[in-house]
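*Asks:* generate a structure from the sequence data that follows.
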Amino acid sequence: MAALSLRHLTPNLSSSPKPLFHPSHLSKLSIPRRNIRSSTSIMASAAKKVLVPVANGTEPLEAVVTIDVLRRAGADVMVASVEKQLCIDAAHGVKILADSLISDCERSDFDLISLPGGMPGSTTLRDCKTLESIVRKQVAEGRPYAAICAAPAVALGSWGLLKGLKATCYPSFMEQLSSSASAVESRVQKDGKVVTSRGPGTTMEYAVSLVEMLYGKEKADDVSGPMVLRSNHGDEYSFAELNPIQWTCGDSPKILVPIANGSEEMEAVIIIDVLRRAKAEVVVASVGEKLEIVASRNVKLVADVLLDEVIGNSFDLIVLPGGLGGAQAFTESDKLVNLLKKQRESNKLYGAICASPALVLEPHGLIKGKKATAFPAMCNKLSDPSEAENRVVVDGNLVTSRGPGTTMEFALVIVEKFFGRDKALELAKAMVFVH
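*Replies:* Down below sits the predicted model:
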């Protein structure tokens, strides 16, 4: 395998040392912001400030992928709750802990504001007068703004901020959008200072386009390369399968998704989101001592339970997200490793993505005799990397995948193995992942 330069590896190393001081820390200090800016003007000017408002019912995949990708580019992203509390009950039972309340953002200027979709989240964003005021100011001052899924029609369109502009949105909201914008069916549409996009399945393309708007094409390429994004957006997905077996379950598969500090948030959230859309019973378990975890790009997620609470339960599938810090926590958790070993010994299903196949499954003998893939820079840790160039590999009761940009395919393959390809493609089309 060709050696990767450090430049290409670094963006995906979720536990790489954090700087001792970063402009995003300013909001946590009691010292007035204006007094600090003069002494850190170079640092402050380097980090573009981005606002991502969230509400109960926000589509978590759209919010978290956007935040994750922009933070990979070095943006100082403020996740602001438009509710009365920081903890957001996003769609599909995903709990996100915001950085601040929207009222804390009224006096700030942003280089970009990006609205995630989801219902009723988009309606709540629309009805928040503080947010409307912030976005109107953004538009009046000629700074970039963006929205995805239902939000272009429900929020930006309702505020009259798309007049005379080309915009797109989730297919079922296109008629509503056409009354307030020039509606087009692009996966991502840029017109002047506004970027819009169609839905969960276009979020990575959308997020990368926001990086390009803020930082330029070269930076967007630097960020997207290590994520292992698809080049054929909208096409049907494919995967490699060896030693095929029938994946069986009861009425609905019971799936355990462990998370830990340093887990890759977009991988975790995409897996949870997609599998719950397919009506699987997904249990999100924190491997740490608290339900709240701080993921690799500092997105705060709240698990359903602690791992200890479900250690004696039976699961049809255990699936590990990646992220370097999270994978380290997984491999050091005797309880989780024993759970995985019992899963394998019982010929039950298990899987992992990104760093986790190489750092969790391989060292504990859980890939022995099987083909697998992993994050490209870690495939040399696999005892048999012969199938590692595939984006998703299924070998009997094991499923593995490469990285953030392959997570949608990874989750859809799991749906396909449980419910059939027709069901998986129906879901992929509903999410606008495939045409």
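*Asks:* list of residues touching the helix or strand hosting Y350?
*Replies:* Using DSSP states H and E, Y350 maps to strand 349-353. With C-beta atoms under 8 Å, 6 or more residues apart in numbering as the test, strand 349-353 has contacts from 247, 267, 271, 316-322, 340, 343-344, 360-361, 366, 374, 397-403, 406-407, 410, 414. Every C-beta, even on glycine, is put in place using the N, C-alpha and C of the backbone.
*Asks:* gap between the spatially most central residue of the chain and V299?
*Replies:* Centroid check for the chain by C-alpha atoms, centre = their mean gives M266 as the closest residue, at 2.3 Å. Separation of M266 from V299 (C-beta to C-beta, to the nearest Å): 8 Å.
*Asks:* export whichever helix or strand P53 is part of to PDB, keeping only CA atoms.
*Replies:* Per DSSP H and E: P53 is located in strand 49-54. Presented in PDB, the C-alpha positions along strand 49-54 are these (Å, rounded to 0.1, in the frame of the first residue of the first chain):
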ATOM      1  CA  LYS A  49     -17.000  31.800  12.600                       C
ATOM      2  CA  VAL A  50     -20.000  29.700  11.700                       C
ATOM      3  CA  LEU A  51     -23.400  29.500  13.400                       C
ATOM      4  CA  VAL A  52     -25.400  26.200  13.200                       C
ATOM      5  CA  PRO A  53     -28.700  26.600  15.000                       C
ATOM      6  CA  VAL A  54     -30.500  23.400  16.200                       C
END
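*Asks:* in its sheet, what does it sit against?
*Replies:* Here strand 49-54 is paired, per DSSP bridges, with strand 76-81 (parallel), strand 112-115 (parallel).
*Asks:* where does V257 land in three-state SS?
*Replies:* strand (DSSP: H, G, I helix; E, B strand; the rest coil).
*Asks:* picking that back up, overlap in contacts of M266 and V299?
*Replies:* Common contact partners of M266 and V299 (C-beta under 8 Å, 6+ apart): 64, 68.
*Asks:* can you tell me the closest non-neighbouring residue to G234?
*Replies:* Of all residues beyond its chain neighbours, the one nearest G234 is H435 (4.7 Å), with distances taken as C-beta to C-beta, 6 or more residues apart in numbering.
*Asks:* from C169, how far off is the one you found?
*Replies:* From H435 over to C169 the distance is 16 Å, taken as C-beta to C-beta.
*Asks:* give me the more crowded residue out of the two.
*Replies:* C169 (32 against 12; other C-beta atoms under 10 Å).
*Asks:* pLDDT score for the more buried one?
*Replies:* Note on C169: pLDDT of 98.
*Asks:* wait, isn't it in contact with L177?
*Replies:* Yes: between C169 and L177 there is a contact at 4.8 Å, judged by C-beta atoms under 8 Å.
*Asks:* quickly list what's touching both of the two.
*Replies:* What both C169 and L177 touch, as defined by C-beta under 8 Å, 6+ apart, is the set 152-153, 157, 183.
*Asks:* counting neighbours, which of those residues comes out on top?
*Replies:* P152 (35 neighbours).
*Asks:* over to that one. Which of the three states is it?
*Replies:* helix.
*Asks:* one more: I67?
*Replies:* Relying on three-state DSSP, one would call I67 helix.
*Asks:* ok, it - how many residues close by?
*Replies:* 28.
*Asks:* and N313, how many neighbours does it have?
*Replies:* For N313, using other C-beta under 10 Å, the count is 12.
*Asks:* mind listing what A358 touches?
*Replies:* Neighbouring residues of A358 by C-beta under 8 Å, 6+ apart: 327, 374-375, 378-379, 381-382.
*Asks:* mind redoing it with 6 Å?
*Replies:* 374, 378, 381 (C-beta atoms under 6 Å, 6 or more residues apart in numbering).
*Asks:* which one of those is nearest to K217?
*Replies:* Nearest to K217 among the contacts of A358: M378, at 27.7 Å, using C-beta to C-beta.
*Asks:* can you tell me the closest non-neighbouring residue to that closest one?
*Replies:* A358 (3.8 Å).
*Asks:* so that neighbour: helix, strand or coil?
*Replies:* helix.
*Asks:* now do it against A411, distance only.
*Replies:* Taking C-beta to C-beta as the measure, A358 falls 20 Å from A411.
*Asks:* what about K166, distance to L242?
*Replies:* Counting by C-beta to C-beta - K166 and L242 are separated by 46 Å.
*Asks:* of those two, give the one with the bigger neighbour count.
*Replies:* Neighbour comparison, K166 and L242: the larger count goes to K166, with 16 against 12 (by other C-beta under 10 Å).
*Asks:* now the buried members of the contacts of strand 349-353.
*Replies:* Using 16 or more other C-beta atoms under 10 Å as the burial test, the contacts of strand 349-353 include 247, 267, 271, 316-322, 340, 343-344, 360-361, 366, 374, 397-403, 406-407, 410, 414 as buried.
*Asks:* having no further points to raise, I will conclude here.
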